[in-house]
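Trainee: here's a sequence, model it:
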Amino acid sequence: MPQLSSRARRGSRDSPQSLSGDLRPGGHAPARTLPAWSSVADAPPPGSRLRSSRGDPARLPPPPRNRTHRTDHADAVAAALEAAGAHDADVIAHSMGGAVAIVLAARHPHLVARLVLVDANLDPAAPDPARPGSSGIAARTEREFLTGGLEEMRDRVGPHWWATMRLAGPEALHRTAVHLARGTTPTMRELLLDLEIPRTYLRLLDDGPLPGEDTLTEHGVRVVATPECGHTIMLDSPEAFAEATASALTGP
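Mentor: Residues are numbered from 1 along each chain as shown. As a prediction, this is how the structure comes out:
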């Protein structure tokens, strides 16, 4: 499951599960872990806490084939936030976690106050065995991925990405990637444009403007170009990432 990071308003004082202070949940790709968010752990507002919602996929049985869609992930995150008494959260979400966070905000608007997307998936991606990540995973059948494809992906994505990808159950990784590549109806991009909350998208400076970036900004999405980084922006350029995230989460 993707992980989330957010500032959330305290729940009811009468609830034994209510928060004792602000919480900043952060969301990310299928196997991303809490240390990836360390660069924003001390970002404003003061006293906020970083919370990861991911369990240990390696200890879980393979998920049912019909429970690896973004709506399933989003509803699971919503249940975790509800259980924590966390509402009006500031959600920080990376990669596939961004797609999940968009669906979360659309399906459970009372839970998300502000949204920071970090090189997140907005559109369907055609399966391509030569590419890393979801597109490459989805280009193989589940059997092909489990009998050699996982090792090929390990060699392709590099040590940082693999150090977290390896923590996910391979069946869950493949099934989630297939659903991500197919996209949603409406698309994540269309859902994002329709949201009325403050939204920030962190993209890679070297990649140039996003497809449809003008339309995003016209609909109120703040797009920030982050220098000297690859897909794992929070690891490659932690200071710029923390600064941009803190700026996005400052104010109403």
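Trainee: next SSE downstream of the helix or strand of the chain with the lowest mean pLDDT?
Mentor: Of all helical and strand segments in the chain, the minimum by mean pLDDT, DSSP states H and E falls on strand 49-51, at a mean of 49. Toward the C-terminus, strand 49-51 is succeeded by helix 70-83 as the next helix or strand (DSSP states H and E).
Trainee: quick one: average pLDDT of that next one?
Mentor: Averaging pLDDT along helix 70-83 gives 86.
Trainee: could you pull out the buried residues of it?
Mentor: By 16 or more other C-beta atoms under 10 Å, the buried positions in helix 70-83 come out as Arg70, Asp72, His73, Ala74, Asp75, Ala76, Val77, Ala78, Ala80, Leu81. The C-beta positions use only the backbone N, C-alpha and C, and glycine is treated the same way.
Trainee: next structured bit after it?
Mentor: strand 89-94.
Trainee: chain center to that next one: distance?
Mentor: 7 Å (C-alpha atoms, centre = their mean, to the nearest Å).
Trainee: just the angle for it relative to helix 70-83, thanks.
Mentor: 140 degrees (axes from the mean of the first three to the mean of the last three C-alpha atoms, to 10 degrees).
Trainee: and strand 89-94, what other elements does it pack with?
Mentor: Using 3 or more C-beta pairs under 8 Å, 6 or more residues apart in numbering; DSSP states H and E, the elements in contact with strand 89-94 are strand 23-27, helix 96-107, strand 112-118.
Trainee: extract the C-alpha trace of that strand and format it as CSV.
Mentor: Output in CSV follows, covering the C-alpha atoms of strand 89-94 (Å, rounded to 0.1, in the frame of the first residue of the first chain):
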residue,chain,number,x,y,z
ALA,A,89,-4.9,16.2,6.4
ASP,A,90,-2.1,17.8,4.4
VAL,A,91,-1.2,14.8,2.2
ILE,A,92,2.3,14.5,0.6
ALA,A,93,2.3,11.7,-2.0
HIS,A,94,5.0,10.4,-4.3
